[in-house]
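Chemist: dropping the sequence and predicted coords here.
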Amino acid sequence: MAATESALHQQVETLYADHHNWLRGWLLKRLGDSCTAADLAHDTFVRLLSRQDAVAIQEPRAYLTCIANGLVINLRQRRALERAYLEVLAGLPEPLAPSAEQRQIALDALMRIDRLLDGLPPRVREAFLLSQLDGLKYAEIALQLNVDVRSVKRYMAKAFAACLQGLD
């Protein structure tokens with residue numbers, strides 16, 4: 001084990017011992033579910049372990065809160081996406097409803113797309129969603145975003161390039 005990796009493990013171990021119970025309590029207040037709070041507290045420390053090296057953390061609780069809050073946001077987005085997908089499925093006639101396996105494959109694909117879109121700059125993401133979900137034409141998107149059509153074309157090119165890279 002490299003020295004930097006050992007230092008990182010030691011740092012995370014100390015943070016865990018000193019702040020895990022507090023973080024789990026903080027998450028429980030936000031989520032109202034002890035199992036989910038425990039899972040996200042665990043995921044917060046796993047996220048720390050995935051770092052490349054140890055860093056000097058001046059305010060450990062603020063640092064942990066920032067990571068955990070991002071995980072809470074991701075969880076809520078994922079749940080909202082799942083609910084929307086399940087609502088659409090509930091409206092389908094029985095013969096058209098996909099199997100459980102097909103639903104899971106589609107849900108996994110939606111999650112990948114959601115993460116991909118989350119990584120785009122806000123204007124690029126908004127232009128892409130207006131085009132693909134709302135069916136707006138580039139000129140309409142340009143009006144809504146208060147930019148020229150050329151900018152919308154650049155945004156869309158970036159979004160499509162990201163989608164293609166995400167397929168790999």
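Modeler: Nice, I can see it.
Chemist: how about residues contacting the helix or strand containing Thr36?
Modeler: Per DSSP states H and E: Thr36 is located in helix 34-49. Here helix 34-49 makes contact (C-beta atoms under 8 Å, 6 or more residues apart in numbering) with 8-9, 11-12, 15-16, 20, 23-25, 27-28, 30-31, 64, 67-68, 71-72, 75. (Glycine included, C-beta is placed from N, CA and C.)
Chemist: same question for stretch 65-82.
Modeler: By C-beta under 8 Å, 6+ apart, the list of residues contacting stretch 65-82 from outside reads 23, 26-27, 30-31, 36, 40-41, 43-44, 47-48, 107, 110-111, 114, 118.
Chemist: returning to that earlier point: looking at the contacts of helix 34-49, which are in helices?
Modeler: The members of the contacts of helix 34-49 that map onto helices under DSSP state H are 8-9, 11-12, 15-16, 20, 23-25, 27-28, 30-31, 64, 67-68, 71-72, 75.
Chemist: which of those residues count as buried?
Modeler: 8, 11-12, 15-16, 20, 23-24, 27-28, 31, 64, 67-68, 71-72 (16 or more other C-beta atoms under 10 Å).
Chemist: the bottom helix or strand of the chain by mean pLDDT?
Modeler: Using mean pLDDT, DSSP states H and E, the weakest-scoring helix or strand in the chain turns out to be helix 100-118, at a mean of 80.
Chemist: buried stuff in that one?
Modeler: Buried-residue list, helix 100-118, by 16+ other C-beta under 10 Å: 107, 116-117.
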